[in-house]
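Chemist: Sequence and predicted structure, then a few things I'm wondering about:
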Amino acid sequence: MNKITASKIKNVCWRGDKQSAMSLVGMGPMILGVVGLVGLFQILITPELLGSFFKGNVFYDTLIGTIVGGVAAGQAMVSYIVGGELLKEGISMYAVSAFVLSWVTLGVVQLPLEVETLGVRFTVMRNILAFVFTILVSLATVSTLKFLP
């Protein structure tokens, strides 16, 4: 029988901690780059600039909202504020809901980090599915809002 001792458990835990720390140190530059790019997007992309992309067509606006939201990734709270500003600018609810959903679920800026940590296959499949379902959910969400008083 194998006898498990406290020292064996301690050694295994220490090796795991050491590997985790080394992995985190290795990803540090990538994480800093992603944070920097997200900060730049939040400064350079204004609601007025975003509003110029939308034309008033339901499907076109939903598609553009999904694409623009995926590129302009950042904190979810910021997307709600930008979405409110877009609604004030007269942008359709289809476009704004697609924009907010894709802002949170898609992330072109984070792709290199996601590929490095989760792998290419997983990253591609997740982003394709997130893109498709963002469009479907935003269309369904706005369609169901019509039934509310």
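Modeler: Received it, and whenever you're ready, just let me know what you need.
Chemist: Report the separation between Gly69 and Ile91.
Modeler: Using Cβ to Cβ, to the nearest Å, Gly69 is found at 12 Å from Ile91. For every residue, glycine as well, the C-beta is placed using N, CA and C.
Chemist: now Val100
Modeler: According to Cβ to Cβ, Val100 and Ile91 sit 11 Å apart.
Chemist: Any stretches of this protein with poor pLDDT?
Modeler: Scanning the chain for pLDDT under 70 picks out the ranges 1-3, 6-10, 12, 30, 34, 37-38, 41-42, 47, 50-51, 73-74.
Chemist: give me the number of residues near Leu86?
Modeler: Residues near Leu86, counting by other Cβ atoms under 10 Å, number 24.
Chemist: Confirm for me that it is in contact with Ser97.
Modeler: No - the pair Leu86 / Ser97 is not scored as a contact, 10.3 Å apart, by Cβ atoms under 8 Å.
Chemist: thinking again about what came up before, more neighbours, Gly69 and Ile91?
Modeler: Using other Cβ under 10 Å as the criterion, Gly69 and Ile91 rank with Gly69 on top: 29 against 22.
Chemist: Name all residues that make contact with that one.
Modeler: The neighbourhood of Gly69, defined by Cβ atoms under 8 Å, 6 or more residues apart in numbering, consists of 79, 98-103, 106, 134.
Chemist: So which of these belong to helices?
Modeler: 79, 98-103, 134 (DSSP state H).
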